[in-house]
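>>> give me a model of this one.
(chains A and B)
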Amino acid sequence: MCGIAGIIHRDAAADVGSEMTHMLQSMKHRGPDSSGFALFGPPTDLIAIRFKLADANDARDFEYRERLERHRLEVESRLNKIGAAIDRVESETEYAYRATVRYEGDIKALADYLEDVPGCEVLSLGHSLEIVKDLGDAQEVSDLYKLGGFQGTHAIGHVRMATESDVDISGAHPYWAYPFSDVAVVHNGQLTNYFHWKRRLEFSGHRFQSECDSEIIAVYLAEKMADGRSLEEAMHESLDDLDGVFTYMAVTKDSLGVAKDEMAAKPLVLYESDELVAMASEEIAIRAIIDHEIDTYDPYERQVLVWSR
Amino acid sequence: MEPVASIERRITYDARGLAEPDAEAPGTSQIDDGKAVFDAAPHSTRQINLELRRLIYEEGIRDVTVLNPGAKHSIGVGILQRCRIRFEGSLGYFGLGVIDGPEIVVNGRVGWSVCENMMSGVVVIQKNAGSLAGAAFRGGDLVIKGSVGARTGIDQKGGTIIVGGDAGSMTGFMMQRGRQIICGDVGPGLGDSMYDGTIYVAGTVKALGIDCVPGEWTDADTELIDRKFRLYGLDKPDSFQKFVCGKMLYNYDNLEPSERKLVIH
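Purely as a prediction, here's the structure:
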């Protein structure tokens, strides 16, 4: 089933960490397997890299900690070798890390070089994007990664009921649109031409970290945008190229968009005010952060809506 | 065989801690002159429904107002009694399902699948509704003053669904009987694979579904439209188009499946 949520503040920044936690937690019944957040903080000249060196449910063998430490040092070494000046590297959990670096080079080369380290997966990379995802409900993940109080302008999130791939962090949403900085996607639905697009995108040199069909959307949009399309144009084209039933949200450093397939088979409820736009699979998620009576509506089939700051 | 009474009740579906097998009606309603009001905000779906049932079936109250339903799911289901219920706020998914007889007003919006399998009565939604409004609708009137999502009245088997605004794709999909009156525009696939029934549309139709065709307007159509709009005090559009089933799909012939293969269409 899965639940997705998004929020974008039109002007000022807000505690999007807590807002997204409340929205996702209210939809826990739609997917208790894993929860994920794509949060956009104030842009800086540093690049934030969220990466993991093992999955949450990997076996803790005798050498587990030493191996992760060895791999973390290898990541730092590679950052230096590729010309990224390390600001800091922090461990968020025993297997997930956040690094900030100063780097002017090719993003794809950076991500590929880091992911060549055994067990390493870059979850997000960008000047303001931070993707956090892990097993458990939204409150557990938020508490684990201390997301309460995260000041930002917009965010998307996902609670997952795993259906077509494993219950692990790699299969959790949001997906970073590798190798495009500051772009992420959450998705509710199923893509029926998954293998067609996976092969097609792999031939173009893209990599996939999971068997999850949703990862296709992120990479698909990234490729379109790399070719010069705007987010909105890329999302419109996706309605013809992607088969199946889906409602997905995509975010860039200054925009949040949502698209529905031509069957409108997956739910989405929208609320717009002068201050913010909030949307979710269920209205209770919007009401989790807004305490007064509101008017909401459902987007229609083949509708693409994009809000920009 | 083990006596039924001794079998321990087991929860076969635990909605991740949301099941409440031992919940009781909160009993917090204020009852005055045969009318009851209660605040749903602090209560779970199950508690709200238990309170409604307590009031209607045990207390014999015939006029209930529910404050702050908070878009919770599955509220007001299974009411099989003539009574009046007013929700001051929005309902979530699967609200007002399987009801038979009540007159209900929702002063807010409703999520997916409102009034699924409704048997009789009247439901008026003051704002928008999500997809699948009136799925498998069997009787009574469902009036949605705002717009609705996709597949309104899917598998509808009777009754009348009135939509004041627009409707999404596949409206009236597999409709088998009853009427739909849409005042705004309608998305693609209108009346797709419908068996019977009538759909009236005042706005534009993006595309007709398979086997949905324009119907011949009669005085009975005019009388129905006038009566329904007068009854609910709605602004009536100037004109409507009428759509019915073309009855050209395979299920309308007399052929056995093996014979159908021999027929060239």
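>>> can you get me a residue count around residue B:124?
Residues lying near residue B:124 (other Cβ atoms under 10 Å in any protein chain shown) number 18. Just so you know, the C-beta spots here come from the backbone N, C-alpha and C atoms, and that holds for glycine as well.
>>> quickly note the distance from the residue of chain A most remote from its centre to chain B.
Relative to the centre of chain A, and counting by Cα atoms, centre = their mean, the farthest-placed residue is residue A:62 at 32.2 Å. Using Cβ to the nearest Cβ, to the nearest Å, residue A:62 is found at 34 Å from chain B.
>>> repeat for residue A:218
For residue A:218, the distance to chain B - Cβ to the nearest Cβ - is 26 Å.
>>> and that residue, that's in a helix?
Yes: counting by DSSP: H, G, I helix; E, B strand; the rest coil, residue A:218 is part of a helix.
>>> per-residue pLDDT, whichever residue of the stretch 51-200 of chain A sits closest to chain B?
Among all residues of the stretch 51-200 of chain A, residue A:137 sits closest to chain B, at 8.2 Å; criterion: Cβ to the nearest Cβ. For residue A:137, the pLDDT comes out at 92.
>>> was I right to think residue B:210 contacts residue B:195?
No: under the criterion of Cβ atoms under 8 Å, residue B:210 lies out of contact with residue B:195, with a separation of 12.0 Å.
>>> which one's more surrounded, those two?
residue B:195 (17 against 13).
>>> what sits against that one?
B:174-177, B:245, B:251 (Cβ atoms under 8 Å, 6 or more residues apart in numbering or on different chains).
>>> now do 6 Å
Residue B:195 makes contact with B:176, B:245 under the criterion Cβ atoms under 6 Å, 6 or more residues apart in numbering or on different chains.
>>> near chain A, which residues of chain B?
Counting by Cβ under 6 Å from any Cβ of the partner chain, the positions of chain B adjacent to chain A are B:15-16, B:18, B:70-71, B:92, B:109, B:111-112, B:128, B:130, B:149-150, B:168-169, B:187.
>>> drop anything exposed from those residues.
B:70-71, B:92, B:109, B:111-112, B:128, B:130, B:149-150, B:168-169, B:187 (16 or more other Cβ atoms under 10 Å in any protein chain shown).
>>> going on from the worst-scoring helix or strand of chain A on mean pLDDT, what's the next piece of helix or strand?
Using mean pLDDT, DSSP states H and E, the weakest-scoring helix or strand in chain A turns out to be helix A:214-226, at a mean of 91. Following helix A:214-226 in sequence order, the next helix or strand is helix A:231-241 (DSSP states H and E).
>>> just want the angle from that next one to helix A:214-226.
Helix A:231-241 runs at 130 degrees relative to helix A:214-226, counting by axes from the mean of the first three to the mean of the last three Cα atoms, to 10 degrees.
>>> quick one: low-confidence parts of chain B?
B:1-18, B:263-265 (pLDDT under 70).
>>> switch to 50 and redo it
By pLDDT under 50, the low-scoring segments of chain B are B:1, B:3-5.
>>> return the residues in contact with residue B:86.
B:65, B:105.
>>> for residue B:155, which non-adjacent residue is spatially closest?
Excluding its sequence neighbours, the residue lying closest to residue B:155 (Cβ to Cβ, 6 or more residues apart in numbering or on different chains) is residue B:136, at 4.7 Å.
>>> quick one, longest helix in chain B?
helix B:219-232 (DSSP state H).
>>> which residues touch that helix?
Defining contact as Cβ under 6 Å, 6+ apart, one finds that helix B:219-232 is touched by B:143, B:236.
>>> again with stretch A:71-78
Residues outside stretch A:71-78 that contact it (Cβ under 6 Å, 6+ apart) are A:53, A:89, A:113-114, A:117, A:119.
>>> select from those the one having the most neighbours.
With neighbours defined as other Cβ under 10 Å, the most crowded of these is residue A:53; it has 23 neighbours.
>>> what does the model give that one for pLDDT?
96.
>>> tell me the spacing between it and residue A:91.
As for residue A:53, its distance to residue A:91 is 9 Å (criterion: Cβ to Cβ, to the nearest Å).
>>> mind listing the strands for the stretch 51-200 of chain A?
Applying DSSP state E, counting those that start in this stretch to the stretch 51-200 of chain A gives strands spanning A:85-91, A:96-102, A:121-126, A:129-135, A:151-152, A:154-160, A:175-176, A:184-191.
>>> show me the contacts for residue 178.
Defaulting to chain A. Counting by Cβ under 6 Å, 6+ apart, residue A:178 makes contact with nothing.
>>> I was after chain B.
Contacts of residue B:178 by Cβ under 6 Å, 6+ apart are B:156, B:158-159, B:197.
>>> got it, and residue A:290?
Counting by Cβ under 6 Å, 6+ apart, residue A:290 touches no other residue.
>>> run the last query once more with 10 Å
A:19, A:271, A:273, A:275-276, A:278, A:296 (Cβ atoms under 10 Å, 6 or more residues apart in numbering or on different chains).
>>> from those, which would you call buried?
A:19, A:271, A:276, A:278, A:296.
>>> quick one on the thing from earlier: wait, which of the contacts of residue A:290 is closest to chain B?
residue A:296 (5.8 Å).
>>> how about the closest one, phi and psi?
With angles defined as degrees, to the nearest 10, residue A:296 sits at phi -130, psi 170.
>>> near chain B, which residues of the stretch 151-300 of chain A?
For the stretch 151-300 of chain A, the residues in contact with chain B (Cβ under 10 Å from any Cβ of the partner chain) are A:260, A:262-269, A:281-288, A:293-300.
>>> which residue ranges of the chain form helices?
Using chain A. Using DSSP H, helices in chain A cover A:16-25, A:64-81, A:107-115, A:138-145, A:194-203, A:214-226, A:231-241, A:283-287.
>>> right idea, wrong chain: chain B
Using DSSP H, the helices of chain B run over residues B:45-53, B:219-232, B:257-260.
>>> can you give me the neighbour number for the residue nearest to residue A:221 when sequence neighbours are not counted?
Excluding its sequence neighbours, the residue lying closest to residue A:221 (Cβ to Cβ, 6+ apart) is residue A:234, at 4.8 Å. Look at residue A:234: counted by other Cβ under 10 Å, it has 26 neighbours.
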